[in-house]
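Novice: Fold the following, please.
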Amino acid sequence: MIKNRIVGLEYHRADSLVLNKDNFRKHPTRQIKYLNDAIAEIGIAGACLAWKCQETGKLTLIDGHLRASLNPEAELPVLVLDLTDEEAKKLLLTYDSVTGLAKVDKDLYNDLFKQVEFSIKNLRIPLFNHKEVKLDIVREEPKEQLTTITITAPTERITEHYKLCAAHGITPKITSTAYTKGCPAIFDYLGAKKWLVEIAWSIFTNGTYWEPFAGSAAVFLGRPPQFKMLSATLNDKNRNVINFFRAVKAGPHADLLKFYDTCEETKILTLIDKYRNAEPPNITDDGEDFDIDRAALFYFCSQFIFKNNNHKLHYLIDKAQQVYYDDDRKRNLLLHLQLCQHRISQTILTTKDWLDSYLPATNIFFDPPYEGTEKVYAEKSVSISTEVRNWIIAHLQSLERANVIICGYDKEHDDLLEFGFKKESFVRFNIRSNPTAETIWYQTAKR
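Specialist: Just a heads-up that it's a prediction; the model follows:
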């Protein structure tokens, strides 16, 4: 007689379900978007599978990890199973794997597809007829040695470069410092939060992530390897930024270095003028398309611009010197790009208005343009900063199970303190080289 292991159907908040540490399935961006759109079109029409873990005593998922990650606040139907921990591992190994063995009758599928009309654009494309149909390769997290970026160029070249950078008051691009905690920011950008990485990840936890003003995404990229993100959304209205990240995510990366043979000052200035005068890349707001030539141009030019409020060029060269782009440096750049690719392999990359990119997440990082920096940004930063703060206050109840950080100056977001947020300030030098109380306001999730 076949045993029925289903105890019953229950409803639980998504964030109350424990993610299975043995879950070996990874969810590519295409799958995340497709499921999210299907739920928006139809609703929840299937139950998750879970059992009460003998080791922890908590309800732990066997199937439904992606559904639970899409909206931590959702009430999900859960089929609770009467299993031992050993049996749960057996079911985890076989449940979806059996489904994956099925073959698709494409003619029958297409006939059925023609009988329905979807309101969401992404669902109107037959799932088995996507132009980009290919095997989804599960990328392992890079080994420890891949998180170390070192320079093996001759010592005298590094010394010359340091001297040249020091003469212009900028941080050297070449460094012999080893990065072993996470992936360093892949390019320079206004207001990058490289200094905030360790602090942010003392607040954030495993789960999901949303950053609507991504910039260089220094905090997300720099997360220590022990933090696992089921899904993440990085958004920025600067299409050059998102175009570049999409190119990095897709790989291969050699074409991104196409301008790194350019060492002469006049050629560098010509490329910078070309970058500044060009229209934004023609890419979709929430797709995976990109322009590799524009991405390469952005990557090369970003090391010279984004340095101060007037976007003036800070030279790494002078009349007697050249920038060194030898094979050693290129190898390190490719290694850095590869590490970045691993970090964003499961990430949705959008270029929308900040709120249009919202997906409920376990970890939310806001770094909007600060008050007083409106000359730097195309939009009035005061209104954006205030808009974000007001949105947080209006959604406090739905955000109570999220870790939230918002950045600003001095007392900019002190209104949040009366709602339970905490505050920490740090003396930093702003874009005008003045000491400023750079501040974060944050809350940790209620469990």
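
Novice: packing partners for whatever helix or strand Gln31 lives in?
Specialist: When secondary structure is defined by DSSP states H and E, Gln31 falls within helix 29-42. Judged by 3 or more Cβ pairs under 8 Å, 6 or more residues apart in numbering; DSSP states H and E, helix 29-42 is in contact with helix 65-70, strand 347-350. Heads up, the C-betas are built off the backbone N, CA and C, glycines and all.

Novice: Show me what the longest one is packed up against.
Specialist: Read it as helix 65-70. Helix 65-70 packs on helix 29-42, strand 207-211, strand 229-235, going by 3+ Cβ pairs under 8 Å, 6+ apart.

Novice: what's that helix in contact with?
Specialist: For helix 65-70, the surrounding residues in contact (Cβ atoms under 8 Å, 6 or more residues apart in numbering) are 14-15, 17, 19-20, 23, 25, 27, 31-32, 35-36, 39, 44, 48, 61, 74, 76, 207-208, 230-231, 359-360.

Novice: do the same with the last one
Specialist: Where contact means Cβ under 8 Å, 6+ apart, the residues beyond strand 347-350 that reach it are 29, 32-33, 220, 231-235, 242, 245-246, 249, 285-286, 288, 356-357, 359.

Novice: Spatially central residue in the chain, please.
Specialist: A centroid search over the chain (Cα atoms, centre = their mean) returns Leu234, at 4.4 Å, as the residue closest to the centre.

Novice: related to what we said a few turns ago, could you check the angle the helix holding Gln31 makes with strand 229-235?
Specialist: 80 degrees (axes from the mean of the first three to the mean of the last three Cα atoms, to 10 degrees).

Novice: and the gap between the closest residue to Thr233 other than its chain neighbours and Leu9?
Specialist: Leaving aside its chain neighbours, Thr233 sits nearest to Ile348 (4.6 Å; criterion: Cβ to Cβ, 6 or more residues apart in numbering). Ile348 sits at a distance of 31 Å from Leu9 (criterion: Cβ to Cβ, to the nearest Å).

Novice: between the two, who's got more neighbours?
Specialist: Ile348 (20 against 10; other Cβ atoms under 10 Å).

Novice: what sits against the residue lying closest to the residue nearest to the centre of the chain once chain neighbours are set aside?
Specialist: In space, and not counting its chain neighbours, Leu234 is closest to Ala214: 4.2 Å by Cβ to Cβ, 6+ apart. Ala214 is in contact with 220, 234-236, 241-242, 245, counting by Cβ under 8 Å, 6+ apart.

Novice: Throw those residues into CSV and include pLDDT and distance to Glu279, thanks.
Specialist: CSV is the format used below for the contacts of Ala214 (pLDDT from 0 to 100; distance: Cβ to Cβ, whole Å):
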residue, pLDDT, distance to Glu279
Phe220, 95, 28
Leu234, 96, 22
Asn235, 96, 20
Asp236, 94, 17
Val241, 95, 15
Ile242, 96, 15
Phe245, 97, 19
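
Novice: any idea which of those residues has the most stuff around it?
Specialist: Phe220 (28 neighbours).

Novice: what's that residue in contact with, if anything?
Specialist: Applying Cβ under 8 Å, 6+ apart, the residues contacting Phe220 are 209, 211, 214, 232, 234, 343-344, 347, 365.

Novice: now swap in Leu271 and tell me
Specialist: Counted by Cβ under 8 Å, 6+ apart, Leu271 has contacts 259, 262, 297, 300-301.

Novice: closest to Ser119 among those?
Specialist: Taking Cβ to Cβ as the measure, Leu297 is the one of those closest to Ser119, at 37.9 Å.

Novice: What's the separation between the residue nearest to Thr233 and Phe298?
Specialist: 20 Å.

Novice: Same question for Ser231.
Specialist: From Ser231 to Phe298 the distance is 25 Å (Cβ to Cβ).

Novice: Kindly report the same for Ser345.
Specialist: For Ser345 relative to Phe298 (Cβ to Cβ), the value is 20 Å.

Novice: These two: who's more crowded?
Specialist: Applying other Cβ under 10 Å to Ser345 and Phe298 shows that Phe298 carries more neighbours, namely 24 against 18.

Novice: Name the SS class of that one, please.
Specialist: helix (DSSP: H, G, I helix; E, B strand; the rest coil).

Novice: Let me see the contact set for it.
Specialist: Applying Cβ under 8 Å, 6+ apart, the residues near Phe298 are 187, 240-241, 243-244, 275.

Novice: Which members of the residues you listed are positioned in helices?
Specialist: When DSSP state H defines the helices, the subset of these inside them is 240-241, 243-244, 275.

Novice: what residue ranges in the protein score low on pLDDT?
Specialist: 28-30, 98, 127-181, 262-263, 265, 306-326, 370-382, 427-437, 447 (pLDDT under 70).

Novice: tell me the domain ranges of it?
Specialist: Residue ranges for the domains of the chain, per automatic domain parsing: 6-129, 144-367.

Novice: Would you convert those into TSV that also reports distance to Asp415?
Specialist: Converted to TSV, those look like this (distance: least, Cβ to Cβ, whole Å):
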stretch	distance to Asp415
domain 6-129	24
domain 144-367	14
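
Novice: tell me the most buried of those?
Specialist: Among the domains of the chain, domain 144-367 has the highest mean neighbour count (mean count of other Cβ atoms under 10 Å), at a mean of 18.

Novice: From the chain's centroid, how far away is that one?
Specialist: 12 Å (Cα atoms, centre = their mean, to the nearest Å).
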